[in-house]
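*Asks:* below are the sequence and a predicted model; questions follow.
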Amino acid sequence: MQWLYLYFPSLQLDSLLHQQAYHQACVLVHKNKVVQANPEAHQVGIKIGAGLAQAALLCAQLKVITYDSKQEQRLLTQLAQRLYQTSATLYLDPPQGLLLKTSDMLRLYEGLPRYWQQLQQPLMERGLNYHYASAHSPLAAQVLARAGNDRLLENQHQATVLLGQLPIHRAGLEPKLALQLERLGLNTLGQAQALPRSALGQRLGQNLVTYLQQLDTHSAPKRPAYRPAEHFRQRLELLYEIEQSTALRFPLKRLLADLEAFLEPRQLRVAGLSLGLEYREHNAERLHIGCSDGEYRGEAWLALCMLRLEQLKLQAPIIAISLNTKGQMPWAPLSAQLFEPPAGKLTAGQLISRLQNKLGDHAVQQVYLRDDHRPERSFYQGPPHSHYQTQAATTALRPSLLFTLPQALGHKPNHQWCILSGPERIQSGWWDNVSICRDYFIARNPMGQVCWLFRTPREEWFLHGYFS
């Protein structure tokens, strides 16, 4: 079969319930009618299309959530982004359907069963209820899936037989058109297909003829196929209002799993995440979580996010969270080191990232070199950056301990001092009115310490640092 259709009748509700264990009746309501219900709601007799008052009478502890078509559209797009790792060509069919072209993937997966097995994994991870069907045309696959066929068909003849057996009210036709066909005594789709299409068009309109033709059309839909976004951006609406930041671990873990699935196949990592917290009756807040070396693994990002959230005092209960990436960069899976660090040991970049997210960016500083011959101005402090390239003005030997202000020696080094090297003239800084003119020496003092000394034009001697 060339096409596979996935139908998610309770996409928004399943996505909400998957966040937390909830074993009571729950429904989504639109215009005071039930449009989605979980298994517990079905067990007490609540049916799709029932009124809200009737559903409340059947279950006193019923949880009611407002249906949001825009949210369901976002969830469908997120699901398409995840399935794009398995299927190269797919089409969005909002608000609850995905159409996948299977013909160009069967050679890769060596048949439809293995291809279908790979597709099921992300669906099960999200706890989604779905119906599916494969067929020779997009519309045939859609009709069979929405009718709950749940079969992978091997040839067009099987699909044609199943389509012919469908009741006319379950064939995906407009309710008014389906009623007209039933009044003519056409109770199955096969009976309508057997009649001359010219006569059907004159009697019931051209829409029915077009529909019957599309059931046999093998070509792709005229709308463009899905293309994933270049940057990860995802929002998750919460089933419960969360009042403690540490309780965000589970929903955040789900977002970060999708982030890893987005980055890993693209060989990318990110230097930072922007975590959005949407409050009830308060303005949304955004937190920046950084990683100095860049990271793609969801587990590593979760640890960094929780370090930041542990320090956060929530302004109000949280109703939704969102996640955006900052600073995408290529990721090389091969280590640049000959030996990997021991298991359980943190690399320098991981340690810096943890300290930054726990203590704040301002509390962690790194020393950088500057292209300046003056010792006091040859370095500066700033936030850690793994991609920073150090630049030094000279390759001459410099002390590991440099005083912030040179200390007056008070006398000229006598015979007890041993001059090891020098003088080295440093005369610079005329352009910014902080000029210096010094002759530097490396010498060993009477205590055996290796010192860095300099002499001014006035024959004044100063100690500027020690060598380790």
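*Replies:* Nice, thanks for sending it over. Values in this document were obtained by computation on a predicted structure and should not be read as measured data. Numbering: from 1, shown residues only.
*Asks:* residue 106 reaches residue 118, doesn't it?
*Replies:* No - counting by CB atoms under 8 Å, no contact exists between residue 106 and residue 118, whose distance comes to 11.8 Å. Glycine gets a C-beta too; all of them are placed from N, C-alpha and C.
*Asks:* pLDDT averaged over stretch 168-183 - what is it?
*Replies:* pLDDT averaged over stretch 168-183 equals 88, rounded to a whole number.
*Asks:* contacts for that stretch next, please.
*Replies:* Under the criterion CB atoms under 8 Å, 6 or more residues apart in numbering, residues 139, 142-143, 146-147, 163, 186-189, 191-192, 204-205, 207-208, 211 lie in contact with stretch 168-183.
*Asks:* which ones are touching residue 96?
*Replies:* 7, 8, 9, 11, 72, 76.
*Asks:* repeat that for 10 Å
*Replies:* Contact analysis of residue 96 by CB atoms under 10 Å, 6 or more residues apart in numbering lists 6-12, 36, 72-73, 75-76, 130, 146.
*Asks:* low-confidence ranges in the stretch 1-150 of the chain?
*Replies:* Applying pLDDT under 70 to the predicted model, the residue ranges of the stretch 1-150 of the chain that meet it are 1, 19-22.
*Asks:* ranges for the strands of it?
*Replies:* Using DSSP state E, counting those that start in this stretch, the strands of the stretch 1-150 of the chain run over 3-7, 26-30, 33-37, 63-66, 90-93, 97-101, 131-135.
*Asks:* out of those strands, which is closest to residue 384?
*Replies:* Ranking the strands of the stretch 1-150 of the chain by their distance to residue 384 (criterion: CB to CB) puts strand 90-93 first, at 41.2 Å.
*Asks:* what sits up against the closest one?
*Replies:* Applying CB under 10 Å, 6+ apart, the external contacts of strand 90-93 come out as 3-7, 73, 76-77, 79-80, 83-84, 97-101, 138, 142, 220-221, 223-226.
*Asks:* if we go to 8 Å?
*Replies:* Contact with strand 90-93 is made by 5, 76-77, 80, 83-84, 98-101, 138, 142, 220-221, 223, 225-226, as judged by CB under 8 Å, 6+ apart.
*Asks:* only whichever of the residues you listed are buried, select them in PyMOL.
*Replies:* A single PyMOL command is used to select the members of the contacts of strand 90-93 judged buried by 16 or more other CB atoms under 10 Å:
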select buried, resi 5+76+80+83+84+98+99+100+101+138+142+221+226
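*Asks:* using the three-state scheme, assign residue 372.
*Replies:* The three-state label given to residue 372 by DSSP: H, G, I helix; E, B strand; the rest coil is coil.
*Asks:* what about the closest residue to it other than its chain neighbours, how many neighbours?
*Replies:* Closest residue to residue 372 apart from its sequence neighbours, by CB to CB, 6 or more residues apart in numbering: residue 378 at 5.1 Å. Residue 378 sits with 18 neighbouring residues when counted by other CB atoms under 10 Å.
*Asks:* could you chop this protein up by domain?
*Replies:* Under the assignment automatic domain parsing, the domains of the chain span 3-24+62-214, 233-359, 375-466.
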